[in-house]
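Peer 1: What follows is a predicted structure for the sequence shown.
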Amino acid sequence: MSWSELTRGLRAHPVKPSLSGIARRRSLWERIHMDPWLLGMLLVLMLAGLVVLYSASGQRMAVVNAQAIRFGVALGVMAGLAQLSPTTLLRWTPPVYVAGVLMLVAVELIGDMGMGAQRWLVIPGVIRFQPSELMKLAMPMMVAAWLSRQPLPPRWRDLLVCASIIGLPVVLIAKQPDLGTSLLVTIAGVFVILLAGLSWRFILFCGALAAAALPLLWMNMHNYQRQRVLTFLDPESDPLGAGWNIIQSTTAIGSGGFWGKGWLQGTQSQLEFLPERHTDFIVAVLGEEFGLVGMLAFLLLYLLIVGRGLWLAGAAQETFGRLVAGSIILTFFIYVFVNVGMVSGILPVVGVPLPLVSYGGTSSVTLMAGFGILMAIHAHRRLLPR
C-alpha cells in the first residue's frame, strides 16, 4: 500500500480522540438542556432540606414523603421548561401574564380562605394552589418582554409601562392580603428594570420617593401587618403574644451554639415551643440542631447556587434572556435573605419560606420552574445570533 493510499484511508476513517467518552458525557447534558453543576447543588439542597424537615415536622414521615413527591413534580417542571427556547418563552409570556392576572381576580371573587387570608383557588378533587406564585415568574418575564423590544436604558415612557405591569398584580396580591408575596413580586420586577441599565441618579431618586411614600404604605396596611413591624422593633413588648414567634426563634438559634444540639435533639422545636417550625421558621430548627456550622453550610450552598445562576445569566446572548435569568436568580437570593433575616430578628416577619427547605408545594414548583427557565436560556444561547 502506498503512502497516498494510507493517508486517504485515514481521512476516510479518522481515529477518534481518546477523550470521546468525556465529549459524549458533555453532549448528554447539552441534549437534555441541563446544567449539571446547578442541578447537582439543587439536589443536595433538596436532600438536606428533607433531613431538616423530618425533625421540624415532629418526625412525621408523611410530611417528608409529601414534600419529596412535590420535589419530584418540581424537578419534572424544571426539566420540561428547560427544553423551551427563549423565543418560545417570549411568545408565551403575554398570555401567561394575562392568565395570571385573571386568576388573581378570581381569587378576589371566589378564592378559598385559609388562616385569615383569601389566597387560593381550588379545583375540587384536583388541586389547591396560589395564583400569586405564578406571578413571581410571569410578571418579571412580562417586564423583560416589554423592555427587550425597547431601546436601553429604558426611557420614562417605558418605565411607566413597566410600573403598570408590576403594579396590577401587586395590588391584587396585597388585597388577599399577602404582604410577603407582594413584596417579592415587586422586587422581581424591579430587578428586571435595574438590570436594563438604569442610572444611579435615577435609582437614588426612586429610593427617596419610596421612602417618602412609607407613611402612605403604613396607613394602608392591615392591623396584623402593622403589629409585625412593631414587634420587629420591640419583640419584648408582647412576649406572650405577637412577640412570641421571634423570641422563640432567636432563642432556638442561640441555644444551638457552634456545633448544635444534634439532629432530632432540639428542645425548642421538639417540645413545640417554636411555631411554624416546618414552614417559615425552619431556619430556627436548623440553627438549634446543627448550630452555626450547619447554618453556614446551608448559606454557603445557597451562595454557590446564586453564583452559578449569575454565571449562567451572564452568558445569555440576548436582552430578554439576560433580564429574565438575572431577575430569577437575584429573587432567589432575596428569598433566602428575607427568610433568614426575619427568623433571626433583623427583618420583620413577612411569611417568606426558606427555598427548597420549608414545607410547601406551590413555592417549590415555582422556584424550580424558574431554574428551568434559567437553564433553557443558557442551553439555547448558541442557537441565537451574537
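Peer 2: Thanks, I have it.
Peer 1: Provide the secondary structure category for Arg277.
Peer 2: When classified by DSSP: H, G, I helix; E, B strand; the rest coil, Arg277 comes out as coil.
Peer 1: how close does it sit to Ser363?
Peer 2: 17 Å (Cβ to Cβ, to the nearest Å). To be clear about C-beta, it is placed using only N, CA and C from the backbone, and glycine gets the same treatment.
Peer 1: remind me which residues of the stretch 101-250 of the chain are low pLDDT?
Peer 2: The stretch 101-250 of the chain contains residues with pLDDT under 70 at 114-116, 125-126, 224-225, 231-243.
Peer 1: out of Arg277 and Ser363, which sits in the more crowded spot?
Peer 2: Regarding Arg277 and Ser363, a neighbour count based on other Cβ atoms under 10 Å identifies Arg277 as having more, with 28 against 23.
Peer 1: Tell me who's in contact with that one.
Peer 2: Applying Cβ atoms under 8 Å, 6 or more residues apart in numbering to Arg277 gives the contacts Ala56, Ser269, Ala284, Val285.
Peer 1: Point out the least confident one among the residues you listed.
Peer 2: pLDDT across the contacts of Arg277 is at its lowest for Ser269, which sits at 76.
Peer 1: give me the element that residue is part of.
Peer 2: Following DSSP states H and E, one finds Ser269 within helix 267-270.
Peer 1: Now do that helix: distance to the chain's middle.
Peer 2: The chain centroid and the centroid of helix 267-270 are separated by 28 Å under Cα atoms, centre = their mean, to the nearest Å.
Peer 1: Kindly export that helix (C-alpha atoms) in PDB.
Peer 2: What follows is helix 267-270, C-alpha atoms only, in PDB (Å, rounded to 0.1, in the frame of the first residue of the first chain):
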ATOM      1  CA  THR A 267     -35.700  21.400  72.700                       C
ATOM      2  CA  GLN A 268     -37.500  24.500  71.300                       C
ATOM      3  CA  SER A 269     -38.600  22.600  68.200                       C
ATOM      4  CA  GLN A 270     -39.200  19.100  69.600                       C
END
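Peer 1: Can you name the next helix or strand after it?
Peer 2: Note on helix 267-270: by DSSP H and E, the next helix or strand toward the C-terminus is helix 282-314.
Peer 1: Poorly predicted segments of the stretch 251-386 of the chain, please.
Peer 2: 382-386.
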